[in-house]
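[1] A structural model of the following input is requested.
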Amino acid sequence: MTSEFVRVFSHPLRRRLLFEYTEAAASPAELARRLSEPLNAVAYHTGILARDGYVELARTERRRGALTHYYRSTIPLAVDGADWETLGVDVRRALVLGALDHAHAAARRAVAAGGFDGLEVQLSRSPMLLDEEGLDALASCLRDAFAAISAVVSDVPEAPRADYEIVLLAYERG
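    Got it, this is the predicted structure:
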C-alpha cells in the first residue's frame, strides 16, 4: 500500500480532494467551485481516488436533467501513535502535505469570509528550542489539548453550532 499511496498522493490536487471528501460527501462540481479548480481536473483526480478505493460514491441526485455524483472518503485521516510509526516517511509526508494544503485553503476562505474577525479567534505562533524532555512534554500537552477540545465538541448540543476548524501543529523547523 505504501508505494501506491505515495503515487496516488503525489499530486497536490488529489491530496486536497481527499481531505475535502473526508469532511462531507461532495460532488466534483462543488469542489471545483470551492477550490477554484477546473471541473475536468477535479473529476479526473476524483476518478483516480475512486478507482484506487480512497473515495466511494455516497449518493447520486438528479439535477437539471443530469445525474450528480457525490463522493466521500473511505479512509480516516486521523493517524496517531503506533499507527503513525507504521507508516513510511513518504506516506507521512504525503498526509502532512494534504493536511496543510487543506488547512491553508480553508483558512484563506475563512479570512475572506470574515472568519477571523471575531474576538474569540485564537492565532498563535511560537518558535521554541526544546530538548528531548521538552519535546516529549510538548507532544503530551498537544495530545491532551486535542482530547480536551474533542470533549468540548462532544458536549455541544445538536443545535445551534458554529462551524469552526482547529489546527494544532508542532514540528521541527527545517
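
[2] and the nearest residue to residue 134 once chain neighbours are set aside, what helix or strand is that in?
    Nearest non-adjacent residue to residue 134, counting by C-beta to C-beta, 6 or more residues apart in numbering: residue 128, 8.0 Å away. All C-beta atoms are positioned from the backbone trio N, CA, C, and that covers glycine. Using DSSP states H and E, residue 128 falls within no helix or strand.

[3] ditto for the one 5 residues further on
    In the assignment (DSSP H and E), residue 133 maps to helix 132-155.

[4] ok, now residue 95?
    Counting by DSSP H and E, residue 95 is part of helix 89-112.

[5] low-confidence ranges, the chain, go.
    For the chain, the stretches flagged by pLDDT under 70 are 1-3, 5-6, 76-81, 156-162.

[6] against residue 98, how distant is the residue nearest to the spatial centre of the chain?
    Centrality entry for the chain: nearest residue to the mean C-alpha point is residue 19, 3.9 Å, by C-alpha atoms, centre = their mean. Distance of residue 19 to residue 98, given as C-beta to C-beta, to the nearest Å: 6 Å.

[7] again, but for residue 54
    Here the criterion is C-beta to C-beta. By it, residue 54 lies 11 Å from residue 98.

[8] what is in contact with these two at once?
    Taking C-beta atoms under 8 Å, 6 or more residues apart in numbering as the criterion, residue 54 and residue 98 both touch residue 18.

[9] which residues does the residue lying farthest from the centre of the chain contact?
    Going by C-alpha atoms, centre = their mean, the residue of the chain most distant from its centre is residue 65, 32.5 Å out. Residue 65 makes contact with no residue under the criterion C-beta under 8 Å, 6+ apart.

[10] from residue 7, how far out is it?
    Look at residue 65 and residue 7: by C-beta to C-beta, they are 37 Å apart.

[11] try residue 39
    24 Å.

[12] neighbours around residue 164, how many?
    Residue 164 sits with 11 neighbouring residues when counted by other C-beta atoms under 10 Å.

[13] give me the neighbour count for residue 52.
    Residue 52 is flanked by 15 other residues according to other C-beta under 10 Å.

[14] fine by me, we can end here.
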